[in-house]
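Engineer: this one's structure only:
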């Protein structure tokens, strides 16, 4: 495969924009939130993705580090490990993938606290670059994005827990064009996640059900820069809220429904078309707004993200993504899942149906998911994910 470096650096953004390109042309309202290291927002595991990208309030599992690490304190096992693999944008290329390793451990009796960790690696494959005019010295690079994190969660009561995660992020899209002298450097950042999880077991009729809700604020951290600080990009700081309700159908049979709401806590980048740049005053207003956006701190940006959309409250509501899903389980050994993820067309248009299944033995569980995009042109269509989980208690 031969791509220019621009393709390599924007390939991960394709999934956000391609499905909505027609909307951009029709009404010129396409205005997604701009962030760096966008791969941090990709769900790594088959269970959560098969329910339409849902997981902040579902039952704890080995991949709760991404969805809501505070769930680990309520984990049924004393620990375990999970390995997930996702071929990404496989309708376009065949060497881009996301690999994720996650797990947790409960020390001692394991009643109140848990330690967790995850490692994710996103490879953009092998890219061959050339000079500006196509005649420069070609070079082969392997751009990638990498994140490693450690978490701690603890029960604060019999029904409520909280968790915190510390993360190091490296985005290596570096290259050096000897023909033009242009170059890019690797970018790094640090971030924190804060989360909470509440679960209770109400009696409805003669059946004991489970109701849970949770929140997760992820990637609160420093900005990233690929040009020695000349320009900076926000991390994809994200707020996820959700609830989950599980009830028994019959002996050994359960059914759960979940709902997640998702919003990027990143300020909207000013657009030139929103200013009257035909006048000197309008051009100056745009440049001042752009300077304020570029110099804004990540914490200030979190608060500004609720009120800064150029379309007002209507556009702010468009920034909220919705995920709805269900999971059927037989004896906690066989699972069938389905869900739907909705994102407004003006904010990316990543809307799709998802399906999945899983099978569990004492030690090992295998899950798979399949994504079916609502737009045929979406590069996310037909995305597959696989997750292999090992239970520490089963090994004993």
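Structural biologist: Cool, got the structure. Fair warning: this is a prediction, and the values are worked out from it, not measured in the lab.
Engineer: In space, what's closest to the spatially most central residue of the chain - neighbours in sequence excluded?
Structural biologist: Nearest residue to the geometric centre of the chain (Cα atoms, centre = their mean): residue 41, 2.1 Å. Using Cβ to Cβ, 6 or more residues apart in numbering and skipping residues adjacent in sequence, the residue nearest residue 41 is residue 236, 4.9 Å away. No exception for glycine: its C-beta is placed from N, CA and C like everyone else's.
Engineer: Look up how far residue 119 lies from that neighbour.
Structural biologist: Per Cβ to Cβ, to the nearest Å, residue 236 is found 18 Å from residue 119.
Engineer: Which stretches in the stretch 151-300 of the chain count as helices?
Structural biologist: For the stretch 151-300 of the chain, applying DSSP state H, counting those that start in this stretch gives helices covering 280-295, 298-304.
Engineer: Compare the ones you listed and say which comes out lowest on pLDDT.
Structural biologist: Per-segment mean pLDDT for the helices of the stretch 151-300 of the chain reaches its minimum on helix 280-295, at a mean of 87.
Engineer: by contact count, what packs against that one?
Structural biologist: The helices and strands touching helix 280-295, judged by 3 or more Cβ pairs under 8 Å, 6 or more residues apart in numbering; DSSP states H and E, number zero.
Engineer: Not counting residues beside it along the chain, what's closest to residue 186?
Structural biologist: Closest to residue 186 by Cβ to Cβ, 6+ apart is residue 172, at 4.1 Å.
Engineer: Okay, the residue nearest to residue 41 and residue 189: tell me how far apart.
Structural biologist: In this view, residue 236 and residue 189 are 11 Å apart by Cβ to Cβ.
Engineer: Now for these two: what residues contact both?
Structural biologist: With contacts taken as Cβ atoms under 8 Å, 6 or more residues apart in numbering, residue 236 and residue 189 have residue 37 as neighbours in common.
Engineer: Compare those two (neighbour count), which wins?
Structural biologist: Neighbours were counted for residue 236 and for residue 189 using other Cβ atoms under 10 Å; residue 189 has more, 24 against 21.
Engineer: between the helices of the stretch 151-300 of the chain, which gets nearest to residue 245?
Structural biologist: Nearest of the helices of the stretch 151-300 of the chain to residue 245, taken as Cβ to Cβ: helix 298-304 at 29.8 Å.
Engineer: buried stuff in the helix or strand just after the closest one?
Structural biologist: Using DSSP states H and E, the helix or strand that follows helix 298-304 in sequence is helix 313-318. Residues of helix 313-318 classed as buried: 315, 316, 318 (neighbour count, 16 or more other Cβ atoms under 10 Å).
Engineer: With adjacent residues omitted, what lies nearest to the last one?
Structural biologist: Spelled out, that is residue 318. Residue nearest to residue 318 in three dimensions, not counting chain neighbours: residue 344, with 4.1 Å by Cβ to Cβ, 6+ apart.
Engineer: Quick check: pLDDT value at the one you found.
Structural biologist: pLDDT for residue 344: 92.
Engineer: Check the one 4 residues further on too.
Structural biologist: At residue 348, the model reports a pLDDT of 85.
Engineer: Please apply the same query to residue 171.
Structural biologist: Looking at residue 171, the pLDDT reads 91.
Engineer: ok, back up a step: wait, what's in contact with the residue nearest to residue 41?
Structural biologist: Per Cβ under 8 Å, 6+ apart, neighbours of residue 236: 35, 36, 37, 38, 40, 41, 219, 264, 266.
Engineer: Swap in 6 Å and give it another go.
Structural biologist: 35, 40, 41, 219 (Cβ atoms under 6 Å, 6 or more residues apart in numbering).
Engineer: you'd agree the residue nearest to residue 186 is up against residue 185?
Structural biologist: No: at 8.8 Å, residue 172 and residue 185 do not qualify as touching, with contact defined as Cβ atoms under 6 Å.
Engineer: Could you report the distance from the nearest residue to residue 222 once chain neighbours are set aside to residue 241?
Structural biologist: Distances taken as Cβ to Cβ, 6+ apart place residue 189 nearest to residue 222, at 4.6 Å, with adjacent residues excluded. Using Cβ to Cβ, residue 189 is found at 24 Å from residue 241.
Engineer: Ramachandran angles for the residue nearest to the centre of the chain?
Structural biologist: Main-chain torsions, residue 41, degrees, to the nearest 10: phi -90, psi 0.
Engineer: quick one: the strands in the stretch 1-150 of the chain?
Structural biologist: 79-87, 97-105, 113-123, 127-129, 139-141, 144-155 (DSSP state E, counting those that start in this stretch).
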